[in-house]
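> Next come a sequence and a model predicted from it.
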Amino acid sequence: PPARAAVASLVPGRGQEWVAEAARRGSRVFADVGWDDTGRWDPADLSELEHCEAFLPNAEEAMRYTRTDCPRAAARALSDRVPLAVVTLGSEGAYAVDGRTGETAEVPAISVEALDPTGAGDVFVAGFVTGTLAEWPLADRLAFAGLTAALSVQEFGGSLSAPGWVEIAAWWQHARAYDDQPARALRRYAFLDRLLPAAARPWPLRRAVPTIGFRQA
């Protein structure tokens, strides 16, 4: 296929023919969705999920589309429409249901000091796509996606805040050396040992800061 994976942002009331075409040509499509300003939250607007590998809404979006009052129930309902339903739970982590096997997974979030949430959802999707293409277990994919999103909110900017392998390795080295993360969370991330390069730089890494213009009040 032209690409092994593609990310689609579903838009209420507007179909996107390329989604079905990409799936037909062999791309695995991962879908996200934005806030429905119309207030309809019409499940029919999710019709393109039939061409998708996974759907990754946040808890509020998932509950509104499924008419449920629990994000986990929403994920289970969405798994009837898409092979993988992944619902992000903010500071609680993320929950996923594999509609093909019935497998579920839930991972806790790590504790971070958030500076800028811009792009965190996109980074989460990218992390989940990475793990899916690498055929990691479902829980590991969730954990990796959550970790990359959490690291991104500690920096300013959108794409500039996305962490690379060296930054993830430095965080993992730090997390194991200092008692500043819940033990449950650290156990969940033990799979990183077999994935990461040796950390050659200490945490936190110094990063380039995006140029932001501020208007005088």
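Sure thing, it's come through. Residues are numbered from 1 along each chain as shown.
> Can you tell me the element the residue lying closest to residue 35 once chain neighbours are set aside falls in?
Of all residues not flanking residue 35 in the chain, residue 61 sits nearest, at 7.1 Å (Cβ to Cβ, 6 or more residues apart in numbering). Just so you know, the C-beta spots here come from the backbone N, C-alpha and C atoms, and that holds for glycine as well. Per DSSP states H and E: residue 61 is located in helix 59-66.
> Give the other helices and strands that the helix or strand following that helix contacts.
Next helix or strand after helix 59-66 toward the C-terminus (DSSP H and E): helix 71-78. Judged by 3 or more Cβ pairs under 8 Å, 6 or more residues apart in numbering; DSSP states H and E, helix 71-78 is in contact with helix 59-66, strand 84-88, strand 94-98.
> Can you tell me the centre-most residue of the chain?
residue 124 (2.5 Å; Cα atoms, centre = their mean).
> I figured it was touching residue 56, is that so?
Yes. When contacts are counted by Cβ atoms under 8 Å, residue 124 is listed as touching residue 56 (7.0 Å).
> between the two, what contacts are shared?
residue 88 (Cβ atoms under 8 Å, 6 or more residues apart in numbering).
> Report the separation between the two terminal residues of stretch 53-61.
Chord length of stretch 53-61, first to last residue, is 18 Å (Cα to Cα, to the nearest Å).
> Output the below-cut-off pLDDT ranges for this protein.
1, 199-200, 206-217 (pLDDT under 70).
> And the helices in it?
17-24, 59-66, 71-78, 120-133, 138-152, 165-177, 183-188 (DSSP state H).
> Can I get those in a markdown table including distance to residue 52?
Converted to a markdown table, these look like this (distance: least, Cβ to Cβ, whole Å):
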| stretch | distance to residue 52 |
| --- | --- |
| helix 17-24 | 7 |
| helix 59-66 | 14 |
| helix 71-78 | 11 |
| helix 120-133 | 12 |
| helix 138-152 | 16 |
| helix 165-177 | 27 |
| helix 183-188 | 26 |
